[in-house]
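S.K.: All I have is the shape, not the residue letters:
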């Protein structure tokens, strides 16, 4: 006799509960979003101090003052001080290159230098993957590179951080799925969006991306895919590669078809890891599964060789003894495949995230100066090290 499927009085129907909670949470988040950013408002990039601007451009602060005094910078404020926008920094780069007669300060690709596609990944949530992707993409854009950020995570935290609420602002076919789906794919250029950060474009994400995970097995079983799943992202990006220097892909926190396709599209891989025992144990399983799956993909013709692959320690607390030991443990195993710099855990990054901002957007005055400076220094060291790997791949010093 089959047991009854009827609910008892003290039981709760999970699908109904989840649907109700999801609807209410979505509504409250929309209200919260409207308070932070009224409907007519738009996110903007803050202004930068002379010291920050000089560092992003790659010149000394004294030289920047000279260039500005010659009329190539912003007008001084009432107190005589100058603040620089991202557009100001781009204009000064062009002035410097015209003056020197060589492309030095505008850092984009030259000649045969190939598009750099960096897939940021980890199997476990909470490893700082999206925070790393957002700050890396924005840093490179502020440095003058033409950057495309791709949100491949159905949770779409990267999109929200860049001002595109997945359930409100991203419609059907407006994620990367629109360009890689098997039936009637859209041109990828149709789904690229500009952002409030000059030089930075975005392909947003939302739950629609999960369709690729569901659709791919059916298409493979039917044998009707003209392009294998692992080649679809790479082929889509080929259509627009001339417009960008660097693509940063925020991968989903699982080894599915989306992640495997992002791996095959990538020229470089960045794996984030939180230096706790459980996270490292999880990463061990993740590396084993990735290796096995990549071997299968390689045998089917997928690309599995990269310009570089590095591990990045995230949410690192320098005064935490076990974390320092675990970081040393990983360095002993992975050697130079570990980035020398770690992403330090900071309340500044977490607090900025509450208002959906990165550390490059929030004003320093909102935080304790030491807290903000330590967090920003950590971000800049990590991102600068990654930039060095990119430039080395291009054959530059």
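M.R.: Yep, it's here. Fair warning: this is a prediction, and the values are worked out from it, not measured in the lab.

S.K.: name the element the most centrally placed residue in the chain belongs to?
M.R.: The centre of the chain sits closest to residue 133, judged by CA atoms, centre = their mean, with a distance of 2.3 Å. Using DSSP states H and E, residue 133 falls within helix 129-142.

S.K.: Distance from the chain centre to that helix, please.
M.R.: Centroid separation between helix 129-142 and its chain, computed with CA atoms, centre = their mean, to the nearest Å, is 5 Å.

S.K.: following that helix, which helix or strand comes up?
M.R.: The helix or strand immediately downstream of helix 129-142 is strand 147-151, counting by DSSP H and E.

S.K.: So which other helices or strands are in contact with the helix holding residue 133?
M.R.: Other elements packing on helix 129-142 under the criterion 3 or more CB pairs under 8 Å, 6 or more residues apart in numbering; DSSP states H and E are helix 86-100, strand 116-121, strand 147-151, helix 157-161, strand 200-203, strand 246-250, strand 268-273, helix 369-393. Placement of C-beta: from N, CA and C, glycine included.

S.K.: what's next to the shortest one, contact-wise?
M.R.: This points to strand 200-203. If you take CB atoms under 8 Å, 6 or more residues apart in numbering as the criterion, strand 200-203 is touched by 137-138, 141, 147-151, 158-159, 162, 164, 175-176, 188, 191-195, 244.

S.K.: would you list every one of the helices in the stretch 201-350 of the chain?
M.R.: Here the stretch 201-350 of the chain has its helices, by DSSP state H, counting those that start in this stretch, at 210-222, 232-238, 257-265, 277-299, 321-334, 347-354.

S.K.: a markdown table for the ones you listed, including mean pLDDT, mean neighbour count and distance to residue 88?
M.R.: Shown next, in a markdown table, are the helices of the stretch 201-350 of the chain (pLDDT from 0 to 100; neighbours: other CB atoms under 10 Å; distance: least, CB to CB, whole Å):
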| stretch | mean pLDDT | mean neighbour count | distance to residue 88 |
| --- | --- | --- | --- |
| helix 210-222 | 91 | 15 | 41 |
| helix 232-238 | 95 | 21 | 30 |
| helix 257-265 | 92 | 24 | 34 |
| helix 277-299 | 79 | 14 | 41 |
| helix 321-334 | 88 | 14 | 39 |
| helix 347-354 | 79 | 17 | 23 |
